[in-house]
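Asker: I'd like to go over a predicted model; first the sequence, then the structure.
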Amino acid sequence: MFNKVLIANRGEIAVRIVRACREIGLQSVAVFSEADRQALHVRHADEAYLIGPAAARDSYLRIDRIIEVAKRSGANAIHPGYGFLAERADFAQACLDSGLAFIGPKPSSIAAMGDKAVARSTVSAAGIPVVPGTEGEGALRDEDLLRLAPQIGFPLLIKATAGGGGKGMREVHDLAEMPGLLHAARREAEAAFGDGNVYLESLVEGARHIEIQILADQAGNTIYLGERECSIQRRHQKLLEESPSPFVADDEDLRTRMGAVAVRAAEAVGYLNAGTIEFLVDKEKNFYFLEMNTRLQVEHPVTEMATGIDIVKEQLRIARGRPLRYSQEDVQFKGWAIECRINAEDPYDGFLPSTGQITQIFQPTGPGVRVDTGVYPGSEVSPYYDSLISKLIVVGETRAEAILRMRRALEEYIIIGVRTNIPFHQNLMDSTRFMAGQFDTRFVEERFLIGSADSDKGERPEMARQIAAILATLAAHRETRRAANIVQRNERDTSNWKWLGRWERLQR
Amino acid sequence: MRYITTIGNHEFLVEVLDEKHVILDGKAYEVDFTSVGDQPVYSLLLDGHSYEAFIYPAGKAWQVLYQGISYDALVEEEMEKQLRMASGGFISETAEYHLKAPMPGLVVMTVVSDGDQVQKGDVMIVLESMKMQNELKAPRAGTVTRLRVKPGDGVEQRQILLTLV
């Protein structure tokens, strides 16, 4: 049984896993790239080793170096986190071949679910409904796809077989635009996964994205931890998740049926450890298997907060050969949890990534608030890795309480130095459709307009605009006076030269 | 000092009497305005009510990010504004447009070459940053000159990638 865990990841998830290790009494080993020497996971872990240059392919994706560090440090297990090597069967296999426990499923399960086209045929053979599309295995050429497309019908989706996170995904409305989109999808998939294979899937309109978290131990017990609602997405990137789902709500029958199907899908590939079955659910509450994520997910905390089950600790226990501590009956929702993904992206500038040094953070705290983050004041947000810098999770007794709590927490959360999408979430919390739970996966792109000075709603804007006008005027007034160098001496204790330097940097 | 602050179609006459007092559209307020830790975050006490916002300089204007809403505010001294109105507004766009990298990243592909005619909205360069590919489009029609990058190049934020005439 292992006692030292190497975490083959970075950022908030590496910190999350270090925390679970520490609480359970396991030693933790971090790995880091040259860009991450100062990162939080490096500081929190018991040991940390450099594995290469900043680019992921030279560091966090280097299986050989990671395994070498495991051997050198005496780690006897590897937790892959999410992203990077988490869904690479060859990595899981390499761990096992080196005598290391892999905290996740068997390589065969990863392989079976990893190729999305193969996964679809595997589960549909087990009697699980899938969204209609190309069931063909292996690589389909553009000619084949163009021939099959009209049979599936438009609109449809091009998806990367190695896919995830919306990369290599394109929406097609007619045959004419398909060749160009195929090309773009393959190019993006090739860049993201090193595999340009794609398949087609019918686009279900008005669909929700609801997923079921499962846990499976080595004794063959598989349970589900309820559902997560993940329909709030932009360009197929999840932005907000909640558990339970307002769409499933008190429909225990639907929850039980989805749970049973998820367990069946997991068992179909002999699944072990934590995993997630993603479903598309249409307006009539029909649900279809979308894919299985054979790893811990970004949004796992909402399930943890709603059920009280620590998924990462369960992962460690399962990998150590322990039986699950919970039976299906033990799993109950104890509240309503919402997670906002805080990305270094400017929602007022087309969600463009924002990089640079975080100079200051005021983190929300108080009742029912959890922040999972890998950054702190002084951290650099580099362009090498994805833009997720933090996850803000709240739990309330009811969904209404959770929304009000999230609104409060977002207001408290101030990150200075990079732009973040916090304003996006604030707008979302004010949206009546969101409050009413009336949204599908297209909601953000089609029916949600982030507030600008021109999008008025109710009485408040007039007052808010006046406040904004006063703020801008006072800021401008101050700068005018500074520029004219008529600041009174004791008003500012730094020298004018220093100030001038800062001002010039600001203007650059 | 008297300012006219424009947000969208709304104009506000703001008179800053001294550090502690302003008049907004004829009504006087007591203010206490301070930056939080020398940062772009400002705290405003307005007749005792507490407000907090990000304020960024944005070219000639200011971006105020308050309660999740972004306000673009143009602050002009009353005189300055009158002069501008008298002279017939802003000068129209300059002839050349420099496409700058909106963020540091890697050039994935260059869709256009020197001499190409582009229409507004045409993709000119694909830039990858934070694992996402971003298409940089032409803001107006024009001819591409001085393409300065090629696929595989790493670029800094605000580096000029090409020029449109």
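Answerer: Cool, the structure landed.
Asker: So A:Pro377 versus chain B, what's the distance?
Answerer: Using CB to the nearest CB, to the nearest Å, one obtains 10 Å as the distance from A:Pro377 to chain B. Just so you know, the C-beta spots here come from the backbone N, C-alpha and C atoms, and that holds for glycine as well.
Asker: Quick check, pLDDT for that residue.
Answerer: pLDDT recorded at A:Pro377 is 93.
Asker: where does chain B have low pLDDT?
Answerer: By pLDDT under 70, the weakly predicted segments of chain B are B:38, B:87-95.
Asker: Give me the most central residue, it.
Answerer: For chain B, the residue sitting closest to the mean C-alpha position, by CA atoms, centre = their mean, is B:Ala58 at 3.7 Å.
Asker: Can you dump the C-alpha atoms of the strand ranked longest in chain A in CSV for me?
Answerer: Assignment by DSSP state E gives strand A:222-234 as the longest strand of chain A. Taking Å, rounded to 0.1, in the frame of the first residue of the first chain, the C-alpha atoms of strand A:222-234 are listed here in CSV:
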residue,chain,number,x,y,z
THR,A,222,-20.1,1.2,-7.9
ILE,A,223,-22.2,4.1,-6.6
TYR,A,224,-23.3,7.4,-8.0
LEU,A,225,-23.1,10.7,-6.1
GLY,A,226,-26.0,12.5,-7.8
GLU,A,227,-25.8,14.8,-10.7
ARG,A,228,-24.2,18.1,-11.7
GLU,A,229,-25.7,20.7,-13.9
CYS,A,230,-23.1,22.0,-16.4
SER,A,231,-25.2,23.8,-19.0
ILE,A,232,-23.7,27.2,-18.4
GLN,A,233,-21.0,27.1,-21.0
ARG,A,234,-19.4,29.3,-23.5
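Asker: What helices and strands are in contact with it?
Answerer: strand A:208-216, strand A:237-243, helix A:252-268, helix A:300-307, helix A:443-446 (3 or more CB pairs under 8 Å, 6 or more residues apart in numbering or on different chains; DSSP states H and E).
Asker: which one of these lies closest to chain B?
Answerer: The minimum distance between chain B and those falls on strand A:237-243, with 8.6 Å, by CB to the nearest CB.
Asker: Can I get that closest one in CSV? Just the C-alpha atoms.
Answerer: Extracted C-alpha coordinates of strand A:237-243, given in CSV (Å, rounded to 0.1, in the frame of the first residue of the first chain):
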residue,chain,number,x,y,z
GLN,A,237,-16.3,25.5,-22.0
LYS,A,238,-18.1,25.1,-18.7
LEU,A,239,-18.2,28.3,-16.7
LEU,A,240,-20.6,27.4,-13.9
GLU,A,241,-21.7,24.1,-12.4
GLU,A,242,-24.2,23.3,-9.7
SER,A,243,-25.4,20.3,-7.8
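Asker: can you list the residues that contact it?
Answerer: Residues from elsewhere that reach strand A:237-243 (CB atoms under 8 Å, 6 or more residues apart in numbering or on different chains): A:165-166, A:209, A:226-230, A:232-233, A:298-299, A:302-303, A:305-307, A:333, A:336-341, A:343, A:399, A:402, A:421, A:424-425, A:428, A:444.
Asker: Check stretch A:214-221 too.
Answerer: Contacts of stretch A:214-221 (CB under 8 Å, 6+ apart): A:222-225, A:262-263, A:266-267, A:271-277, A:311, A:314, A:318, A:321-324, A:326-327.
Asker: do that again at 6 Å, thanks
Answerer: Contacts to stretch A:214-221, defined as CB atoms under 6 Å, 6 or more residues apart in numbering or on different chains, come from residues A:222-224, A:262, A:266, A:271-272, A:274-275, A:314, A:318, A:321, A:323-324.
Asker: now swap in stretch B:136-148 and tell me
Answerer: With CB under 6 Å, 6+ apart as the contact definition, stretch B:136-148 has outside contacts at B:112, B:114, B:116-125, B:127, B:161-165.
Asker: switch to 7 Å and redo it
Answerer: Outside stretch B:136-148, the residues that touch it by CB atoms under 7 Å, 6 or more residues apart in numbering or on different chains are B:97, B:99, B:110, B:112-125, B:127, B:160-165.
Asker: quick one: contacts for the residue nearest to A:His44 when sequence neighbours are not counted?
Answerer: Distance criterion CB to CB, 6 or more residues apart in numbering or on different chains; nearest residue to A:His44, sequence neighbours excluded, is A:Val18 at 4.7 Å. Listed by CB under 7 Å, 6+ apart, the contact set of A:Val18 reads A:Ile7, A:Ser28, A:His41, A:His44, A:Ala45.
Asker: Compile these into a markdown table and extend it with columns for pLDDT, distance to A:Leu449 and neighbour count.
Answerer: Output for the contacts of A:Val18, formatted as a markdown table (pLDDT from 0 to 100; distance: CB to CB, whole Å; neighbours: other CB atoms under 10 Å in any protein chain shown):
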| residue | pLDDT | distance to A:Leu449 | neighbour count |
| --- | --- | --- | --- |
| A:Ile7 | 98 | 40 | 27 |
| A:Ser28 | 98 | 44 | 23 |
| A:His41 | 97 | 37 | 25 |
| A:His44 | 96 | 40 | 18 |
| A:Ala45 | 97 | 43 | 24 |
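Asker: For B:Pro40, state which of those is nearest.
Answerer: Nearest to B:Pro40 among the contacts of A:Val18, counting by CB to CB, is A:His41 at 28.4 Å.
Asker: Kindly state the pLDDT recorded for the closest residue to chain B within the stretch 201-350 of chain A?
Answerer: Across the stretch 201-350 of chain A, no residue is closer to chain B than A:Tyr348, which sits at 4.4 Å (CB to the nearest CB). In this model, A:Tyr348 is scored at 90, pLDDT.
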